[in-house]
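Undergrad: When you get a sec, could you give me coordinates for this:
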Amino acid sequence: MTELKEYFNAISKLNESTWDKILPFFREEKLLKNEYFAKENRTSRRIAFLKTGVVRAFFTNQEGKDYNKQFFVGQSIIGAYTSLLTGQVNIIAQQALTNCVIYSCDYKSLTDLFDDHPDLERFARKIAEHYFLEKEKKEIEIVLLDASQRYILFKKEFPTLEQLISQLHIASYLGISATQLSRIRKQFASKKS
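TA: Purely as a prediction, here's the structure:
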């Protein structure tokens with residue numbers, strides 16, 4: 001679990017006494033491609049550190065169309081945060097797009113330690129702040145940038161993802177159709193040649 005400790009400590013250093021308390025809560029698991037970490041209409045109880053792989057957070061509209069909200073690429077925290085905080089069912093599901101290795105734990109086991117381990121609570125706050133800032137950035141990009149500009153930003157943020165996941169997932173994330181994405185990719189390919 002070296003990667004887990006390095007990731008946490010890079011965000012907000014935890015005391016060894018805190019590590020002694022929380023490490024036993026985490027267990028290594030494999031998420032196979034297309035397997036769900038969090039399902040819609042279910043209450044979530046777990047969070048995880050994504051060691052390797054790609055996970056998408058998405059919701060499905062009434063017509064059954066998926067909308068990708070976020071991609072998580074190895075070395076990040078996954079979990080249905082709204083459900084964890086409210087105790088209500090998930091609206092947003094999380095699904096592995098590749099085979100993944102995760103370290104998962106019961107969320108309440110961690111939050112129960114906040115009073116006695118303020119360093120852990122500080123880490124949780126910094127993670128929440130990070131995801132809030134990412135969410136706000138994406139909301140602004142969807143409104144202010146055109147599809148080509150969003151595609152350029154996607155390629156910068158996720159340089160290897162195009163080779164790992166379906167173009168449909170990328171188009172959904174960008175808020176465009178697969179046909180639009182295909183046109184944009186052709187334009188970029190012709191500019192390179």
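Undergrad: Residue 153 contacts residue 142, doesn't it?
TA: No. The pair residue 153 / residue 142 is not scored as a contact, 10.8 Å apart, by C-beta atoms under 8 Å. Backbone N, C-alpha and C define where each C-beta goes, glycine included.
Undergrad: burial count for residue 8?
TA: Neighbourhood size, residue 8 [other C-beta atoms under 10 Å]: 22.
Undergrad: element containing it, please.
TA: Assigned by DSSP states H and E, residue 8 belongs to helix 2-11.
Undergrad: For residue 190, give me the pLDDT.
TA: On pLDDT, residue 190 comes in at 83.
Undergrad: now do residue 64
TA: pLDDT, read off for residue 64, is 89.
Undergrad: Tell me if it really is in a helix.
TA: No. Applying DSSP: H, G, I helix; E, B strand; the rest coil, one finds residue 64 to be coil, outside a helix.
Undergrad: Let's verify the residue nearest to the spatial centre of the chain: helix, strand, or coil?
TA: Centre of the chain computed as the mean C-alpha position; nearest residue by C-alpha atoms, centre = their mean is residue 72, 3.4 Å away. What three-state DSSP gives for residue 72 is strand.
Undergrad: low pLDDT regions in the protein?
TA: For the chain, the stretches with pLDDT under 70 are 193.
Undergrad: all helices of it, in order?
TA: Assigned by DSSP state H, the chain shows helices spanning 2-11, 16-22, 81-86, 107-111, 118-144, 147-157, 167-174, 178-192.
Undergrad: Quick check: closest non-adjacent residue to residue 12.
TA: Excluding the flanking residues, the one nearest residue 12 by C-beta to C-beta, 6 or more residues apart in numbering is residue 123, at 4.2 Å.
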